[in-house]
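[1] sequence first, predicted model second:
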Amino acid sequence: MEHRKILNNIDLYVHNTDKFKDLTLEVRFIQKIDHKNATVRSLLALMMQDRSFKYDTKQKMNKALDELYGASFNISCNGFGYGAMIKFSIRTIDQRFADFNLLEEQFDFIKEIILNPLLDEKVFNEAKQALNNELLRNEDDPKEYANKQALALAGDDYPLGIDISGDINLLKTIKLADVKNEYLNMLKKDHIYVGIVGQITIEQAEQLCQKYLIDLNSTDRFNYHYQFSIGTSKKRIIERNIEQSILTLIYNTSITIDDDRYWSLKIATAMLGQLPNSLLFTEVREKKSLCYSIYSSLISFDSIMLISTGINYENTELAQELIVEQIKTIEDDKFSDFLFHSAKQMLINSYKSINDNPQAYINFSFMNHLIGSVTKPEDIIEKIKTINRSDINQVFKTLKLNTTFILKGKDDKDAEDI
Amino acid sequence: MQKIYNDKYQETIYKKILTNGLRVHVIHKPDYNSSSAFFAVPFGSLDYKQYINKLENEVPTGAAHFLEHKLFEDKDKDVMGMFSNIGANVNAFTSYNETVYYFTTSNQDVVTPLTMLIDFVQNLNIDEKSIEKEKGIIMQELLMYKQIPDHRLLMETLKALYHQFPLKYDIVGSEESVKRMSLNDLNNAYELNYFPKNMLLTIVTPTSPELIFDVIEKNQNKKTFKDNFLPKRAYFNEPINVVNDFISIKMDVNKTKVCLAFKLPVLKETSIDRIKTEWGLRLLLEGYFTGLNNKYQDWLDEKKITDYFGYDVDISDDYALLLFYNEIEDPFSFKEMVVDQLLKLKKELISDELLIQLKRRYFGKSIRLFNNVSDIGVAYLRSVFDEIDIFESMNIINNIDRKTLISVVKRLDLSNASIVEIRKTEG
């Protein structure tokens, strides 16, 4: 994507293409995460998504989007390391399918949403209720609940322990004034990234930003990733009225996203539990029939690897033994060339597919931007090709178990903290 | 080879029926890197009882899903691993009406994974031991879905609605039916459904369609298949009344969830008329049960609904239903509110202005559907199984007028309803 610094220090990235049938525009605001601002920003996102000064009812908001041919519009919050992001995203059909200048209208809409929010008591109370409901609902899904509990236990005072969707107890204490303050912070103190994919030149995009986003000020980006340092290994078992237990393990990888060894770690994690022929899938699911779902995933900005599975409680110990064995298989260089090659190929495939997805284009450029890299997907593919077996086993030697969390069914033994 | 270009959506599709009856359709995306292929059979969870040339065949419920798991198994090779090894993502899903095996790849070589897909789907290679092993995995899948509150709510609602019709069974089957599944059941289901004339292969790719057809034809010419009769889903004499008008389930949830379901009459009609009815109903519901209606804000303010509130409508050849979801302690007041609105909807329909607004919305959405190779593939194969051209089905919405809406609301018989609630377990 082409890059320019525009206006007041805003980073604009554009990929000009007529390949897609729509144009995606994203404005991303990034601030340093803390417990309070994560919850306040979740609330702010819900309020801004719902109404604005001009579109002060749901009807008007719907009508405005329908004028743009049912534009897909969304505001969401994401966390990555020390970063807390509010993302404004709008997708409208490409100009060639429309009967008026959609590009101007799209920018005008996003300007209205970002610069003229309706931050009053009524919208605040509704959003607060909605966020409270959403957080309670998230707890109802055992797998999501288990993973969040495991991350909170592992995270302690690190950003890893902060739930970007908000904290239900903190939510009760938040006032409208807190949201208004956070909104002003967002406009004045956040780092701002704008990403666009569709039929638009960078010159056109810059002109439109000058016209519609002139009031925004961006601060410089900072280092969002960090190395998570391990304390004592923790274990917790929580009991719920459910039939299937969930086992979540969190490992410290000691490898940050800008580390040269990061790509080896990505391949090793895929070999462990991201492929249909991965070690966890083959050994725990296919050979022992212990589970239906098992996977490993990297939380890259926090240098963490998470493993999760749903199993019968009496099998949790066996599953843990098998998981440790599979990690050891990689560490001891006892994995097959076939699996190693598969993981590399799948990773290469995922980077090649970026070109066919506007959202993936923007995500890729954003991740690079955050870590100050100018890498293209082709560069990463070349890097992946050079990785050898010893690179793989070396990265897994750095793994250290940080947290074991089990969500267990009610009929089993009493819950305990160890 | 038949070539179809649609000017409105700017898409080109190529079609061919091979000598063995296999339908092959290529959606050509020359600007893309990625390819996807979908090998589909109209054998879903509702097809556990079928007629083949007037002979009835019955397998345990969940057989289509069990078969989907087992087709990936081969005594001699690691099927999934072979796809990964060439950078292709392979997977499958079973729905009520079909089973679909598919892969996506961003490599230039689509021929290798395409050949692998065809070969593994056209070769069932299982034994008793492997079936027993799979039962443990599927049991865990059943448990996983059972403890997801939204899934459980839908399943219990369908059970409350249907006496006979297999919508009352989970796609995965039940603990009992999974335990009962035998080698003979699976072989039987495979033989009766998985043959070329009954299947559809859809490929979304930048590769030349001529090459794709050539590769598939050569592959098929090397194989022989039994020329079976096309299977037909059994008819179920489903009464119009519901099984239970109220069910309360206890689960580990924070808030009480409610589903209000109306069992609607099923009509014999063409696919186009059926889709038109469903779209007409969707447009009306959008007008009354979303932020497009100013009452929606009042309901939120008065805590009659939460942001969880929603609805769904499904009109098929052999079932028709309308569902409303909410988080509320009193499900009966919720029913009263919904019925009031539905009666108003039947009487007043929606304004012409709103109809135009919604048509504009769905035109944009249908254009955007063609951006994603996976989304197009699934939407496309479903339209073929429905025997309707995908572009024609997308245009149906443009032809909806007041006359259509008047005929749609006549279908809205609200006399057969079930309420299912999921409440927090006490203690």
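    Structure's in. What do you need?

[2] show me chain B divided up by domain.
    Partitioning chain B according to automatic domain parsing yields domains covering residues B:2-233, B:246-424.

[3] what mean pLDDT does the shortest one get?
    The one in question is domain B:246-424. The predicted model assigns domain B:246-424 a mean pLDDT of 95.

[4] which stretches of the stretch 101-250 of chain B form strands?
    B:200-205, B:232-233, B:246-251 (DSSP state E, counting those that start in this stretch).

[5] stretch B:346-353 near chain A at all?
    No: contact of stretch B:346-353 with chain A is not found when judged by C-beta under 8 Å from any C-beta of the partner chain; the minimum separation is 9.7 Å. No exception for glycine: its C-beta is placed from N, CA and C like everyone else's.

[6] can you give me the end-to-end span of that stretch?
    Between the start and the finish of stretch B:346-353 there is a gap of 18 Å, counting by C-alpha to C-alpha, to the nearest Å.

[7] which part of the stretch 101-250 of chain B gets nearest to chain A, residue-wise?
    Among all residues of the stretch 101-250 of chain B, B:Gly136 sits closest to chain A, at 3.0 Å; criterion: C-beta to the nearest C-beta.

[8] pLDDT score assigned to the residue most central in space within chain B?
    With distances taken as C-alpha atoms, centre = their mean, the residue of chain B nearest its centroid is B:Ser95 (5.0 Å). In the predicted model, B:Ser95 carries a pLDDT score of 97.

[9] and the gap between it and B:Ile315?
    With distances defined as C-beta to C-beta, to the nearest Å, the gap from B:Ser95 to B:Ile315 amounts to 16 Å.

[10] quick one: the strands in the stretch 251-400 of chain B, in order.
    Taking DSSP E, counting those that start in this stretch as the criterion, the stretch 251-400 of chain B contains strands spanning B:257-263, B:310-315, B:320-327.

[11] quick check: chain neighbours aside, which residue is closest to A:Asn133?
    Computed as C-beta to C-beta, 6 or more residues apart in numbering or on different chains, the closest residue to A:Asn133 that is not its neighbour in sequence is B:Thr306, at 5.1 Å.

[12] what's the neighbour count on the one you found?
    Burial measure for B:Thr306: 20 neighbouring residues, criterion other C-beta atoms under 10 Å in any protein chain shown.

[13] again with B:Ser182
    One way to gauge burial is a neighbour count; for B:Ser182, by other C-beta under 10 Å, it gives 13.

[14] need the residues of the stretch 101-250 of chain A near chain B, please.
    So far as C-beta under 8 Å from any C-beta goes, the stretch 101-250 of chain A lies against chain B at A:126, A:129-130, A:133-134, A:136-137, A:139-143, A:240-244.

[15] contact partners for the nearest residue to A:Ser300 once chain neighbours are set aside?
    Taking C-beta to C-beta, 6+ apart as the measure, A:Ser300 lies nearest to A:Ile257, with 4.5 Å between them; neighbours along the chain are not counted. For A:Ile257, the contact set (C-beta atoms under 8 Å, 6 or more residues apart in numbering or on different chains) comprises A:His225, A:Ser300, A:Phe301, A:Ser303, A:Met367, A:Ile371.

[16] which two in the residues you listed are spaced the farthest apart?
    Based on C-beta to C-beta, the longest span within these runs between A:Ser303 and A:Met367 and measures 15.0 Å.

[17] thinking again about what came up before, can I get the contacts of A:Ile257 in JSON lines with neighbour count?
    Formatted as JSON lines, the entries for these read as follows, by neighbours: other C-beta atoms under 10 Å in any protein chain shown:
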{"residue": "A:His225", "neighbour count": "21"}
{"residue": "A:Ser300", "neighbour count": "22"}
{"residue": "A:Phe301", "neighbour count": "23"}
{"residue": "A:Ser303", "neighbour count": "26"}
{"residue": "A:Met367", "neighbour count": "15"}
{"residue": "A:Ile371", "neighbour count": "18"}
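
[18] A:Glu105: which of the residues you listed is nearest?
    Distances from the contacts of A:Ile257 to A:Glu105 were compared by C-beta to C-beta; the smallest belongs to A:Met367, at 29.6 Å.

[19] next structured bit after the helix or strand where B:Ala37 lies?
    Assigned by DSSP states H and E, B:Ala37 belongs to strand B:35-41. Following strand B:35-41 in sequence order, the next helix or strand is strand B:49-52 (DSSP H and E).

[20] buried residues in that following strand?
    Along strand B:49-52, these residues count as buried under the neighbour rule (16 or more other C-beta atoms under 10 Å in any protein chain shown): B:Gln50.

[21] so what secondary structure elements neighbour it?
    Using 3 or more C-beta pairs under 8 Å, 6 or more residues apart in numbering or on different chains; DSSP states H and E as the contact test, the elements touching strand B:49-52 are strand B:55-58, helix B:183-193, strand B:232-233.

[22] most tightly packed of these?
    Per-stretch averages of neighbours, counted by mean count of other C-beta atoms under 10 Å in any protein chain shown, single out helix B:183-193 among the helices and strands packed on strand B:49-52, with a mean of 18.

[23] let me know the angle separating that one from strand B:35-41.
    Relative orientation of helix B:183-193 versus strand B:35-41 (axes from the mean of the first three to the mean of the last three C-alpha atoms, to 10 degrees): 110 degrees.

[24] so how far is helix B:183-193 off the chain centroid?
    Relative to the chain's own centre, helix B:183-193 is displaced by 22 Å; criterion: C-alpha atoms, centre = their mean, to the nearest Å.
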